[in-house]
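# Next one to model:
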Amino acid sequence: MVRTSSAYETEPVGEGLRGWFINAAAEVETDLDPASLLQRLKQIEGEMGRKEKGSGSDRPIDMDLLFYGDLFLESDDLTIPHPRLHARRFVLEPLSELAPQKVHPRLGKTVKSILAELNDRHLVRRMKTSLLEGKGKEEGRRF
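As a prediction, this is how the structure comes out:
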């Protein structure tokens, strides 16, 4: 792991979700190709107790591959950048903290500018400490 964002407590987005989530972004270096990296993320999710129920269900962990350098890829199994990252505050808040000047290869905009233009009113609260340091919360913001 190269570096991580702060942890963010986020309001659930989607039908049937009950609990709030904790989200963060991480930058990693890897020798794995995108498909192998996604496979490894899914393996880690399984090891941490995730059962495949489909998207939109409550789950103990959900790891997504948001970017892979400047790669733009569309296949049956994988789309890079993540196809919904530009529309989700719970993704963009931690990602903007970590890499505000990262340019989305399809949209040609920085993460910071995508976040500034976002019309997503779900609550996202930055936690005072990282996931590794323990719990703590700051005031939430609704946009």
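
# Partner strands of the helix or strand of the chain with the lowest mean pLDDT, with direction?
Of all helical and strand segments in the chain, the minimum by mean pLDDT, DSSP states H and E falls on strand 21-23, at a mean of 89. Pairing partners of strand 21-23, with direction, according to DSSP bridges: strand 8-10 (antiparallel).

# which parts of the partner strand are buried?
8-10 (16 or more other C-beta atoms under 10 Å). The way it works is simple: take the backbone N, C-alpha and C, and place the C-beta from them, glycine included.

# what about the residue nearest to residue 99 when sequence neighbours are not counted, how many residues close to it?
Counting by C-beta to C-beta, 6 or more residues apart in numbering, residue 99 lies nearest to residue 111, which is 5.9 Å off, once chain neighbours are set aside. Neighbour count for residue 111, taken as other C-beta atoms under 10 Å: 26.

# With residue 112 instead?
16.

# same question, the one 3 residues further on
Each residue near residue 115 was counted by other C-beta under 10 Å, and the total is 20.

# That one: helix or strand, and which one exactly?
helix 111-117 (DSSP states H and E).

# can you give me how far that helix is from the chain middle?
How far helix 111-117 lies from its chain's middle: 15 Å, per C-alpha atoms, centre = their mean, to the nearest Å.

# Can you classify the residue nearest to the spatial centre of the chain as helix, strand or coil?
For the chain, the residue nearest the mean C-alpha position is residue 91 (4.1 Å; C-alpha atoms, centre = their mean). Secondary structure, DSSP: H, G, I helix; E, B strand; the rest coil: residue 91 is helix.
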